[in-house]
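**Student:** Pasted the sequence and its predicted model underneath.
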Amino acid sequence: MKFLFIIQGEGRGHMTQAISLSKILKSLGHELCAVCIGKSQRREIPEFVLKNIDAPVFLFESPNFVTDNDHKSINLGKTIWQNLLKIKTFKNSLKEIHELVTENRPDVILNFYDILGGFYNAVYRPECEFWVIGHQYLIDHPLFPFAPLQKIQKLLFQINTKITSWGADQKIALSFRPLKANGKTMILPPLLRTELKNLVPIKGDFILTYMVNHGYADELLAQAIQYPEIKIEAFWDKKGVPDFFQPLPNVIFHKVNDILFLEKMSQCMALMTTAGFESVCEAMYLGKPVMMVPVEGQYEQNCNALDAKISGAGIIGKSFDFKLLYDYSNSGQFIPTNSRDWADSFQRSLEIFLAGAFRENKELGKEFFKVEVAANLDRVPT
């Protein structure tokens, strides 16, 4: 089959998932004909993404979050207003995507949670299949934990997720832990990179951190000064800074780099991160304790943090409290989960799904997939 990817460019998680999936699809004999990545003025697409996806990459303007003046929390009002002002730009983006679809004629468009991907399918109604993939599509599952006391934010999260999957022929939800399929949503393990699985983890003497918003750097430096005994290595995507930056003896900043990040993950004592999906899954796979700090104003991350804590990833914090994570990781309270078997079953589950998805009788194919994956789940420890 021939695939075309549409990828949300906010953070690195969806992009690294796409890289992993592109390699798996190629190993199974499928073709990735084009990759469309949503860009914005706020972020640069990491160089490793352009190098590692084995297909032509096209960038298009896509809606994105707007942060506060400190580049930390999400300003929901400004996010909605500024994106509304760019409707004409986004219409042009939809035309660009349609030109690529018309030229490449894929069998499947796979959307990695980009909102314009959903709009494209609803407006242009391409003849090919339209699938969506991401942790967010677990929201229809009865065991998905919604963060409490934020009714408006919850509704907006549900609406956004619905838009990204408008008219989807198939939803694929990625999960921290084994869960049985629910309705039209297929549930698969995290989509992790091969490079991660080849690493041998050791407990090092530093805390690793990934900051999706570079405004958290001030908090980090203040604590590094207060606790000089705590070593910190951080990855960020701040523009105009060198690849290696050491402002204090116990602090090192690295420009986002996929291979180096995984190496540091295998060597750290613990991970401090905002509550994205990908980094937490990587830490769980390597048996590292995690402290998750949801980005303020981003409801989805509050849900991610709850789901990850239930799955045994670690603890939730309201701020980047390195002393708390340092003490937690040395206290013996953290017990690593057996998440490797679940994560390693992704390719087999995907093969089963693809085998069933394009059978002449698609309903029979989906039933075949559910039965096979249910059998796999029985063999995977929770």
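**Tutor:** Great, that's in hand. Predicted model, so just to flag it, every value in this text is computed and none were measured.
**Student:** all strands of this structure, in order?
**Tutor:** In the chain, the strands defined using DSSP state E lie at 2-7, 31-39, 57-61, 108-112, 129-134, 170-174, 185-188, 206-210, 231-236, 244-248, 251-255, 270-273, 290-292, 314-316.
**Student:** In a markdown table, list the ones you listed along with mean pLDDT and mean neighbour count.
**Tutor:** For every residue, glycine as well, the C-beta is placed using N, CA and C. A markdown table is the format used below for the strands of the chain (pLDDT from 0 to 100; neighbours: other Cβ atoms under 10 Å):
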| stretch | mean pLDDT | mean neighbour count |
| --- | --- | --- |
| strand 2-7 | 97 | 25 |
| strand 31-39 | 94 | 22 |
| strand 57-61 | 92 | 17 |
| strand 108-112 | 97 | 24 |
| strand 129-134 | 96 | 23 |
| strand 170-174 | 94 | 21 |
| strand 185-188 | 91 | 21 |
| strand 206-210 | 94 | 25 |
| strand 231-236 | 93 | 22 |
| strand 244-248 | 93 | 12 |
| strand 251-255 | 93 | 20 |
| strand 270-273 | 95 | 25 |
| strand 290-292 | 96 | 26 |
| strand 314-316 | 97 | 21 |
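**Student:** could I get these as a markdown table with distance to Glu219?
**Tutor:** Formatted as a markdown table, these follow (distance: least, Cβ to Cβ, whole Å):
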| stretch | distance to Glu219 |
| --- | --- |
| strand 2-7 | 30 |
| strand 31-39 | 28 |
| strand 57-61 | 31 |
| strand 108-112 | 30 |
| strand 129-134 | 28 |
| strand 170-174 | 29 |
| strand 185-188 | 35 |
| strand 206-210 | 10 |
| strand 231-236 | 11 |
| strand 244-248 | 13 |
| strand 251-255 | 12 |
| strand 270-273 | 10 |
| strand 290-292 | 13 |
| strand 314-316 | 16 |
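**Student:** nearest spatial neighbour of Tyr326, skipping sequence neighbours?
**Tutor:** Closest residue in space to Tyr326, ignoring its immediate chain neighbours: Ile230 at 5.2 Å, by Cβ to Cβ, 6 or more residues apart in numbering.
**Student:** The one you found and Lys318: what is the separation?
**Tutor:** 19 Å (Cβ to Cβ, to the nearest Å).
**Student:** between the two, which one's more packed in?
**Tutor:** It is Ile230, of Ile230 and Lys318, that has more neighbours when counted by other Cβ atoms under 10 Å, with 19 against 8.
**Student:** Pretty sure the more buried one sits against Ser329.
**Tutor:** No: contact criterion Cβ atoms under 8 Å: Ile230 and Ser329 do not qualify, at 10.6 Å.
**Student:** Mutual contacts of those two, please.
**Tutor:** Taking Cβ atoms under 8 Å, 6 or more residues apart in numbering as the contact rule, Ile230 and Ser329 both touch Ile207.
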